[in-house]
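Asker: quick one, structure for this:
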Amino acid sequence: MKKVVLKAYGKVNLGLDVVRRRDDGYHEVRMIMQTVGLFDRLELKKTSGDSVTLSANLRFLPVNEQNLVCQAIAAVKKKYSIKSGVEAYLEKRIPIAAGMAGGSSDCAAALRGMNRLFELGLKEEELCEIGAGLGADVPYCVIGGTALAEGIGEKLTKLPPVPDCHILIAKPGVSVSTKTVYENLDVPGLLSHPDITGMISAIENQDLKGITGRMENVLETVTIPRYPVIHEIKEFLLKQGAESALMSGSGPTVFGIFASEEKAQRALSNLRSFEDVKQAYVVAPVNRES
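Answerer: Residues are numbered from 1 along each chain as shown. Modelled structure (predicted):
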């Protein structure tokens with residue numbers, strides 16, 4: 001095989017709780033992750049020589065060892081003593097620095113791509129193990145679908161697919177540092193925590209209202225006061241008929257869950273009057289089988 005092309009799907013957090021801050025500075029989380037049908041496209045080719053090169057459709061994107069795609073390729077090359085060079089091209093569509101794990105998803109796609117390109121025969125668990133050394137969200141992005149993430153995000157439990165619904169994703173024109181959000185989170189001072197266990201039951205029972213009624217993200221306590229536009233978009237989506245709306249990850253992306261595609265598309269059309277929204281899409285949940 002000389003070339004592979006992969007889709008790197010983004011994610012949203014249906015529920016995000018932070019349990020405690022550990023002595024090593026990391027935060028223990030409990031969150032429900034959901035892959036959505038917004039994706040980057042990654043192309044990998046074998047080349048002569050031993051070098052790894054990356055190009056992208058966005059000029060401001062780093063295309064050196066700072067990029068997780070390069071790190072993933074290098075990690076696999078080193079671990080399995082691969083002498084061939086690799087040329088990568090990344091077409092970005094997932095909003096950057098937006099709480100949708102775009103970089104982690106690209107990294108996971110690179111791991112899957114290297115596995116296929118060099119016919120390594122690695123199992124999902126082995127790819128997750130490599131991914132865990134590259135980023136906390138990478139193992140989840142390897143498995144995709146609906147999952148409970150615990151620990152620092154690396155302990156994963158696969159869940160059944162969520163019921164059919166339509167998700168409107170709206171990214172305002174600000175970027176948020178995940179590190180800064182977590183550093184400023186007052187975990188002992190949190191007044192409420194998401195009902196993650198109840199949401200798992202709702203997913204298992206295919207109860208969409210049970211899921212949307214439990215959507216909560218404790219990181220909003222940090223990000224919304226700094227960027228009030230996030231709250232404004234949430235309120236807008238609710239007025240447009242969303243079952244619920246929430247910030248994904250550390251933000252600033254907001255998503256609304258709609259029971260019907262018609263309502264979601266109408267909300268997307270009306271969202272164009274919202275000048276602060278720079279990127280918006282209507283997508284569906286993506287299952288592991290997709």
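
Asker: assumed residue 112 was part of a helix.
Answerer: Yes - using DSSP: H, G, I helix; E, B strand; the rest coil, the assignment for residue 112 is a helix.

Asker: show me the contacts for it.
Answerer: Residues near residue 112 by C-beta atoms under 8 Å, 6 or more residues apart in numbering: 6, 127, 142. Any C-beta I mention is one placed from the backbone N, CA and C, and that applies to glycine too.

Asker: and residue 63, by the same measure?
Answerer: 53, 54, 55, 56, 70.

Asker: now the buried members of these.
Answerer: 53, 54, 56, 70 (16 or more other C-beta atoms under 10 Å).

Asker: helices or strands up against the strand or helix carrying the last one?
Answerer: Here residue 70 is covered by helix 68-79, with elements defined by DSSP states H and E. Judged by 3 or more C-beta pairs under 8 Å, 6 or more residues apart in numbering; DSSP states H and E, the packing partners of helix 68-79 are strand 52-56, strand 85-91, helix 102-117, helix 124-132.

Asker: could you dump these to TSV with mean pLDDT?
Answerer: As requested, these are exported to TSV (pLDDT from 0 to 100):
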stretch	mean pLDDT
strand 52-56	96
strand 85-91	98
helix 102-117	97
helix 124-132	96
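
Asker: quick one: closest of those to residue 35.
Answerer: Of all the helices and strands packed on helix 68-79, helix 102-117 sits nearest to residue 35, with 8.5 Å by C-beta to C-beta.

Asker: the helices in the stretch 151-290 of the chain, which residues?
Answerer: Here the stretch 151-290 of the chain has its helices, by DSSP state H, counting those that start in this stretch, at 178-183, 196-204, 208-212, 220-226, 229-239, 261-271.

Asker: determine how far the first one lies from the middle of the whole chain.
Answerer: Read that as helix 178-183. Relative to its chain's centre, helix 178-183 lies at 16 Å (C-alpha atoms, centre = their mean, to the nearest Å).

Asker: of the helices and strands packed on helix 68-79, which stretch is the most buried?
Answerer: Most buried of these, by mean neighbour count (mean count of other C-beta atoms under 10 Å): helix 102-117, with a mean of 26.

Asker: relative to helix 68-79, how tilted is that helix?
Answerer: Put simply, helix 102-117 runs at 40 degrees to helix 68-79, going by axes from the mean of the first three to the mean of the last three C-alpha atoms, to 10 degrees.

Asker: biggest strand in the protein by residues?
Answerer: Among the segments of the chain that qualify as a strand by DSSP state E, the longest is strand 27-47.

Asker: on that earlier part again, tell me the one among the contacts of residue 63 nearest to residue 94.
Answerer: residue 56 (12.4 Å).

Asker: just list whatever residues bridge to that closest one.
Answerer: In this entry, residue 56 is beta-bridged to residue 90, by DSSP bridges.

Asker: wait, doesn't it sit right on residue 93?
Answerer: No - taking contacts as C-beta atoms under 8 Å, residue 56 lies outside contact range of residue 93: 11.4 Å.

Asker: quick one: buried residues of stretch 223-243?
Answerer: Result for stretch 223-243 [16+ other C-beta under 10 Å]: buried residues 223-224, 227, 229-234, 236-237, 240, 242-243.

Asker: which SS class is residue 82?
Answerer: coil.

Asker: report pLDDT for it.
Answerer: With respect to pLDDT, residue 82 scores 96.

Asker: equivalent analysis for the one 10 residues further on, please.
Answerer: At residue 92, the model reports a pLDDT of 96.

Asker: could you do residue 153 as well?
Answerer: Per-residue pLDDT puts residue 153 at 86.

Asker: what residues are up against the nearest residue to it once chain neighbours are set aside?
Answerer: With C-beta to C-beta, 6 or more residues apart in numbering as the criterion, residue 153 has its nearest non-adjacent residue at 3.8 Å, and that residue is residue 136. Taking C-beta under 8 Å, 6+ apart as the contact definition, residue 136 lies against 104, 152, 153, 154.

Asker: check what pLDDT residue 136 gets.
Answerer: 88.

Asker: tell me which element it is part of?
Answerer: Residue 136 belongs to no helix or strand, assigned by DSSP H and E.

Asker: roughly how far apart are it and residue 247?
Answerer: Distance, residue 136 to residue 247, by C-beta to C-beta, to the nearest Å: 18 Å.

Asker: and for residue 60?
Answerer: Distance, residue 60 to residue 247, by C-beta to C-beta: 24 Å.

Asker: these two - which one has more neighbours?
Answerer: Neighbours per residue (other C-beta atoms under 10 Å) separate residue 60 from residue 247, with residue 247 holding more: 26 against 6.
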